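Colleague: Only the shape, not the letters, is given here:
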């Protein structure tokens, strides 16, 4: 007799065979999910099979085996770890810290000398692997079933951490194919960066201490005496070597072949493994992985070179406690200790106030670091960084250095706590922290010299007043030379002052003067948007201009009056009010007016009276007479919202020539499609 399982497959009875069948199916799908990242069934289907196996084993405990998926999390908390004598010592490998090509060249030269090779002999073949920043582990399989997991310890004796290692989904409890009676594999337990961030976020939400780095978090999880706690910490694993293998296998003659065979057994092998011939190929691998390092989902601190041929490994042998046939070529340290000499607040180009630790110079991540960000007030307080503290500083690639944690046991008695200033340290304007935000910002806007370049570029961009030719390099020159201190200074520029700048010919200078003169005639929405008021984008600027009709009305409006404008909520209303409450911001606006900037003003237009209010349009393709910007402006002036993508909430799609996926999506969803003429007719008729 047989019964169909979840997938309609007939499963033989008796009960023991059903239990074994469930284990086989669960092992298969766990491998697809955790190792190959190619799940074949939904989580719910897996859970259903798991619950059935769990129920059967609870009813018949004599059927439970060590390799059962139900045994991944279980067992009582230990009082201490048992010691494990390694059958084959877990030796360390020699380290090269030279970041240049000589690290690989030195190793290759040493190997060639040991092997007695001359310059005319062919290059030695190596395997190049990643050096993971985790915890080394030895897994022992007997007849294909995981029976023990042990840490490196001192290389001869480690700790039995089997209960905790069973919680790692990537580590198979039973291998996928026939293997020697005893197979020990070596690898690295690590924590992915995204898992580490989520773990720390959870720790903080619970009011618990966060972890310093993924390696410490992984090591701490492996050495938890309670496996239930270890199971809550997301760990991963890569295999890269062998311990005891009995009886010995034949047919596999290289390190690379062994790695591929271990992968076929269901063990996770890192994809970044390469066969490299000679020192140049090793150097290229080191450089390539160095460039890729910050994009990897896990931490590495170098690469490892190994002679590929097992026969040559045996010939080279060992020196003291290191194999002659392998070396680790490390990257510059990404974390170092230093002291905080001061904490200053920097003002960014958008007004964000960032506390920055001034450090005793320290070489980390390949450069000398003297500053490290503390991100914001909350982070500075959470980490409790004080002047005088000894701290761990981290720098990864091009990422701005940051203070990871404080060495509290080294804190001096007079360490000074940090307090965020209530005014901008550059211009003295009020510093505010909006509800729900982590950052303080300077409200100085146009007045603040720290924000000056960004304010000018924003004001001059095409969607604001549009000063053609006024780009980053020219703005840098104008501000750095002191020629332009505020926006109105732009309109006081003369041909002589511009022509005197580096690489500025008279013709180019005249073009800028002409562009500035042209930009004086604009629109109220463009001018408002150009002022760079926080949270006031193009759509909000248009809504404000439409609602009030003139700039003075907007500048004088109370928060309550601003809240009557469509799309203006409490945060936006407060931001507008804060901007115009600053005397220097109002002064800049008046000076711009005095310089000749002008725009049409009129009577307020109630939003409800606009013909297309509440309608959402999407524009796609090229129109016969209108630019996309012109069409958008016409629709928004009629009260419509112009979105960037088509959805069920879209009322109309206006399509021109060469309309693409948006048109196809509209047809798929049944959204009405208009051409330019039909859109104009709708604007004219209001329907």
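Modeller: Received the coordinates, thanks. Please read these numbers as outputs of a predicted model, since none were measured by experiment.

Colleague: where exactly do the helices run in the stretch 201-350 of the chain?
Modeller: Assigned by DSSP state H, counting those that start in this stretch, the stretch 201-350 of the chain shows helices spanning 214-222, 227-231, 255-264, 278-292, 310-316.

Colleague: So for the host helix or strand of residue 356, what gets flagged as buried?
Modeller: Assigned by DSSP states H and E, residue 356 belongs to strand 352-364. By 16 or more other C-beta atoms under 10 Å, the buried positions in strand 352-364 come out as 352-357, 359, 362, 364. Bear in mind the C-beta positions are built from the backbone N, C-alpha and C, glycine included.

Colleague: Likewise for stretch 490-497?
Modeller: Across stretch 490-497, burial judged by 16+ other C-beta under 10 Å covers 490-491, 493, 497.

Colleague: Please apply the same query to stretch 45-56.
Modeller: Here stretch 45-56 shows 46, 49-50, 52-53, 56 as buried, counting by 16+ other C-beta under 10 Å.

Colleague: for the helix or strand that the strand holding residue 356 is followed by, packing partners?
Modeller: Going down the chain from strand 352-364, the next helix or strand is strand 367-373, by DSSP H and E. Other helices and strands packing on strand 367-373, by 3 or more C-beta pairs under 8 Å, 6 or more residues apart in numbering; DSSP states H and E, are strand 352-364, strand 390-394, strand 402-406.

Colleague: from the buried residues of strand 352-364, which is closest to residue 196?
Modeller: residue 364 (19.3 Å; C-beta to C-beta).

Colleague: Contact partners for the closest one?
Modeller: For residue 364, the contacting residues are 332-336, 393-395, 401, by C-beta atoms under 8 Å, 6 or more residues apart in numbering.

Colleague: redo that, cut-off 7 Å
Modeller: Residues in contact with residue 364, defined by C-beta atoms under 7 Å, 6 or more residues apart in numbering, are 333-336, 393, 395, 401.

Colleague: Select only the buried ones of those residues in ChimeraX?
Modeller: Buried subset of the contacts of residue 364, written as a ChimeraX selection, criterion 16+ other C-beta under 10 Å:
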select :334,335,336,393,395,401
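
Colleague: Dump the contacts of residue 364 into a markdown table; add distance to residue 538 and pLDDT as well.
Modeller: Formatted as a markdown table, these follow (distance: C-beta to C-beta, whole Å; pLDDT from 0 to 100):
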| residue | distance to residue 538 | pLDDT |
| --- | --- | --- |
| 333 | 47 | 71 |
| 334 | 42 | 76 |
| 335 | 44 | 80 |
| 336 | 46 | 85 |
| 393 | 41 | 90 |
| 395 | 38 | 80 |
| 401 | 36 | 88 |
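
Colleague: Nearest to residue 297, out of the contacts of residue 364: which one, please.
Modeller: Among the contacts of residue 364, and counting by C-beta to C-beta, the member closest to residue 297 is residue 334, at 15.7 Å.

Colleague: Specify the local secondary structure of residue 196.
Modeller: Using DSSP: H, G, I helix; E, B strand; the rest coil, the structure places residue 196 in helix.

Colleague: Need the nearest residue in space to it, chain neighbours excluded.
Modeller: Residue nearest to residue 196 in three dimensions, not counting chain neighbours: residue 214, with 4.2 Å by C-beta to C-beta, 6 or more residues apart in numbering.

Colleague: relative orientation of the strand holding residue 356 and strand 402-406 in degrees?
Modeller: Per axes from the mean of the first three to the mean of the last three C-alpha atoms, to 10 degrees, the angle that strand 352-364 makes with strand 402-406 is 80 degrees.

Colleague: what sits up against stretch 491-504?
Modeller: If you take C-beta under 7 Å, 6+ apart as the criterion, stretch 491-504 is touched by 477, 483, 506, 509-510, 512-513, 516, 595-596.

Colleague: mind giving me a markdown table with the residues you listed and columns for pLDDT?
Modeller: Below are the contacts of stretch 491-504 laid out as a markdown table (pLDDT from 0 to 100):
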| residue | pLDDT |
| --- | --- |
| 477 | 89 |
| 483 | 88 |
| 506 | 87 |
| 509 | 90 |
| 510 | 93 |
| 512 | 93 |
| 513 | 93 |
| 516 | 95 |
| 595 | 95 |
| 596 | 96 |
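
Colleague: Save the residues you listed as JSON lines, and put in secondary structure too.
Modeller: Output for the contacts of stretch 491-504, formatted as JSON lines (three-state DSSP):
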{"residue": "477", "secondary structure": "helix"}
{"residue": "483", "secondary structure": "coil"}
{"residue": "506", "secondary structure": "helix"}
{"residue": "509", "secondary structure": "helix"}
{"residue": "510", "secondary structure": "helix"}
{"residue": "512", "secondary structure": "helix"}
{"residue": "513", "secondary structure": "helix"}
{"residue": "516", "secondary structure": "helix"}
{"residue": "595", "secondary structure": "coil"}
{"residue": "596", "secondary structure": "coil"}
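
Colleague: Right, I'll leave it there.
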